[in-house]
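Chemist: predicted model and sequence below, questions to follow.
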Amino acid sequence: MIILLLLAIMVLLVYFPAYHSSVPIQRHAWEKIRTAQRSLYQWKMENISSFDPKADPWELGFIGQEWSPLTTTLGSLPSKRTSCHPMWSFVAEKWFQRLGLGEGDRIAIFSSSSFPGMLFNVLAACERYGLEVLLIVSIGSSTWGANSPEAMWVHMEGFLVSSGFLNTRADYYTLGGEGETGGGFPEEGLAIINRVIEEKGIPMIIEADLEGMIRRKRDILAEFQPRVMVNIGGSEANLGESQEVLDITPGIILPGGSQIPRHGLIGEALRMGIPVIHILDLRGLAAMEGVPYDAAPQSGYLPLSTIISDIIGIACFFTFLSFHERWRISRNIRG
């Protein structure tokens, strides 16, 4: 019975996420994010024929489809659902605080369309924080992102703005895909993108190759002069092609450190002295920040330090050892 009791305690520690006490949860802001997600979910149910509600059991709204002509690479559905968790918006505020941002400061966000839920969470944090945002979004998306021809980021952005859930619109778009120039898209996908560009009047950045795209983004970044740059997803111009980018730990990257890629916009920003918030590898980043992975958003959790849960786990372990000894310390020494 003692073993079963200890096991139950350990399971509860794993099953219930232990949020960091340093991340304050604002009930009103949380509810606004969840209301936006549910409203977007309902809009998709009524207007998007390709929307699969089975892939979005918690009404997150930002989940796309498995494949479409706008799909660039394979993506993880659990990671896409995790990126929608409202907790990320408060984690973003914590990052802003660590980097010393204040109201009116400038922040540049370069995002793919692969994690629209994360993009919304970060933008919501920026607006609560009162930051001036430069936003550049690439249209291409991995599976389950904003890859529906009827629900690209520009469509979702329009719904969120018109419904009062968001104020920030993208300043520019890029095609995404290989070289971030539309490479790898089928003709059908390019035709869809061109039609939406014409209908919506999307401000596009078009370059002949990857190097041109990196230079153009770098010039825009230098002109804007932000305090911080945020990268969301895996747009090729942002990551670059150097091997070092694969070894970068997600989260905050400070200039002057050892993790500076030789190629791509992240490396360019760091060499310009601009700190980078790198959002990729959602499983690892969620574990680092205490965000539940692929779990239903629930705001009823009380803030609980991970240190406390670790102490409880260790106490359970030594309690188990005290009842089930495997060795004893003896004064009789031989040999």
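Modeler: Sure, I can see it.

Chemist: CA atoms for contacts and neighbours, from now on please.
Modeler: Will do.

Chemist: tell me where the stretch 51-200 of the chain has strands.
Modeler: Here the stretch 51-200 of the chain has its strands, by DSSP state E, counting those that start in this stretch, at 106-111, 132-138, 172-174.

Chemist: nearest to residue 204, out of those strands?
Modeler: Nearest to residue 204 among the strands of the stretch 51-200 of the chain is strand 172-174 (4.8 Å), distances taken as CA to CA.

Chemist: show residues contacting that closest one.
Modeler: 135, 136, 137, 138, 139, 180, 181, 202, 203, 204, 205, 206 (CA atoms under 8 Å, 6 or more residues apart in numbering).

Chemist: would you confirm that residue 231 contacts residue 107?
Modeler: No: applying CA atoms under 8 Å, one finds residue 231 not in contact with residue 107, separated by 11.0 Å.

Chemist: go through this protein and flag its longest helix.
Modeler: In terms of residue count, the longest helix belonging to the chain (DSSP state H) is helix 27-47.

Chemist: which other residues reach it?
Modeler: Against helix 27-47 from outside (CA under 8 Å, 6+ apart): 51, 53, 59-62, 86-87, 121, 124, 151, 156, 159-160, 165, 299.

Chemist: if you set the cut-off to 10 Å instead, what comes out?
Modeler: Under the criterion CA atoms under 10 Å, 6 or more residues apart in numbering, residues 48, 50-53, 56, 58-64, 84-87, 89-90, 117, 120-121, 124-125, 128, 150-151, 156, 159-160, 163-166, 297-300 lie in contact with helix 27-47.

Chemist: and residue 182, how many neighbours?
Modeler: 24 (other CA atoms under 10 Å).

Chemist: phi, psi of it?
Modeler: The phi and psi values for residue 182, taken as degrees, to the nearest 10, are phi 90, psi 10.

Chemist: so what's it up against?
Modeler: 70, 72, 138-140, 174-176, 189-190, 193, 206-209.

Chemist: next one: residue 169
Modeler: Applying CA under 10 Å, 6+ apart, the residues near residue 169 are 123, 133, 134, 135, 136, 137, 154, 157, 158, 160, 161.

Chemist: quick check: it vs residue 181, distance?
Modeler: Distance check for residue 169 against residue 181: by CA to CA, to the nearest Å, it reads 21 Å.

Chemist: equivalent analysis for residue 108, please.
Modeler: Noted for residue 108: a distance of 21 Å to residue 181, by CA to CA.

Chemist: try residue 115
Modeler: Look at residue 115 and residue 181: by CA to CA, they are 19 Å apart.

Chemist: can you count the residues close to residue 252?
Modeler: 17.

Chemist: so it, which of the three states?
Modeler: strand (DSSP: H, G, I helix; E, B strand; the rest coil).

Chemist: my read is that it contacts residue 274, right?
Modeler: No: using CA atoms under 10 Å, residue 252 makes no contact with residue 274, being 11.0 Å away.

Chemist: find residues that contact each of these two.
Modeler: By CA under 10 Å, 6+ apart, the residues touching both residue 252 and residue 274 are 228, 229.

Chemist: wait, what's in contact with residue 274?
Modeler: Contacts of residue 274 by CA under 10 Å, 6+ apart are 107, 221-222, 225-229, 253-256, 266-268.

Chemist: most neighbours among these, please name it.
Modeler: residue 266 (29 neighbours).

Chemist: what about residue 11, neighbour count?
Modeler: Residues lying near residue 11 (other CA under 10 Å) number 12.

Chemist: list the residues that contact it.
Modeler: With contact set as CA under 10 Å, 6+ apart, residue 11 has these partners: 5, 313.

Chemist: can you pull the residues that touch both of residue 231 and residue 107?
Modeler: Common contacts of residue 231 and residue 107, defined by CA under 10 Å, 6+ apart, comprise residue 276.

Chemist: which one is residue 282 nearest to, not counting chain neighbours?
Modeler: Once flanking residues are discounted, residue 282 sits nearest to residue 79: 5.8 Å by CA to CA, 6 or more residues apart in numbering.

Chemist: pretty sure that neighbour sits against residue 144.
Modeler: Yes: assessed by CA under 10 Å, residue 79 is found in contact with residue 144 at 9.5 Å.

Chemist: between these two, who's got more neighbours?
Modeler: Just comparing residue 79 and residue 144: by other CA under 10 Å the higher neighbour count belongs to residue 144, 29 against 18.

Chemist: excluding its backbone neighbours, what's nearest the more buried one?
Modeler: Excluding its sequence neighbours, the residue lying closest to residue 144 (CA to CA, 6+ apart) is residue 64, at 4.2 Å.

Chemist: follow-up on the earlier one: return the member of the contacts of residue 169 nearest to residue 97.
Modeler: Proximity of the contacts of residue 169 to residue 97 (CA to CA) peaks at residue 123, which lies at 15.2 Å.

Chemist: quick one, helices of the stretch 1-150 of the chain?
Modeler: Along the stretch 1-150 of the chain, counting by DSSP state H, counting those that start in this stretch, helices occupy 2-15, 27-47, 77-83, 87-98, 116-129.
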